[in-house]
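Asks: No letters, just coordinates:
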């Protein structure tokens, strides 16, 4: 199972808001067209981003805008904003291994330590990348084409 697509959708939304200079292009319908999903999905993710303080949206008013500078938003901020996984819950172990088996008795405690370390390493990696980095990469890719 993969990390929820809300994470990539949220990054997509934030990058589109940053690149789009025309506020009328920041409606949920416009963003949904770019993401290729339903506007309801966009509004749900936008609500999560608003709660996290990453975007400004107003009920009944079309459009949205970033609440912070691109360089002040890390991928970890976005990851946490959209509740991808609970803390120390990225990896899960199978339930109810056989307690009569040496491996079954001990596998979960052994894996918990390893999985926790792996999640912390991934989150540290996300913390090192800002939306400014992602937008810069998008713009470079567009200029290459």
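Replies: Here it is on my side, so go on. Nothing here was measured: the structure is a model prediction, and the numbers come from that model. Numbers count the residues shown, from 1 in each chain.
Asks: how far away is residue 129 from residue 112?
Replies: 27 Å (CB to CB, to the nearest Å). Glycine gets a C-beta too; all of them are placed from N, C-alpha and C.
Asks: Looking at these two, which one has more neighbours?
Replies: Neighbour comparison, residue 129 and residue 112: the larger count goes to residue 129, with 16 against 13 (by other CB atoms under 10 Å).
Asks: for the more buried one, phi and psi?
Replies: Per-residue torsions, residue 129: phi -110, psi 130 (degrees, to the nearest 10).
Asks: Is it correct that it is in contact with residue 71?
Replies: No. Using CB atoms under 8 Å as the test, residue 129 is too far from residue 71 to be in contact (10.9 Å).
Asks: What residues does residue 81 make contact with?
Replies: 10, 48, 49, 51, 52, 54 (CB atoms under 8 Å, 6 or more residues apart in numbering).
Asks: Which elements pack onto the longest strand anywhere in the chain?
Replies: The longest strand of the chain (DSSP state E) is strand 61-66. Judged by 3 or more CB pairs under 8 Å, 6 or more residues apart in numbering; DSSP states H and E, strand 61-66 is in contact with helix 6-19, strand 55-58.
Asks: Report the angle between that strand and helix 6-19.
Replies: Using axes from the mean of the first three to the mean of the last three CA atoms, to 10 degrees, the inter-axis angle of strand 61-66 relative to helix 6-19 is 100 degrees.
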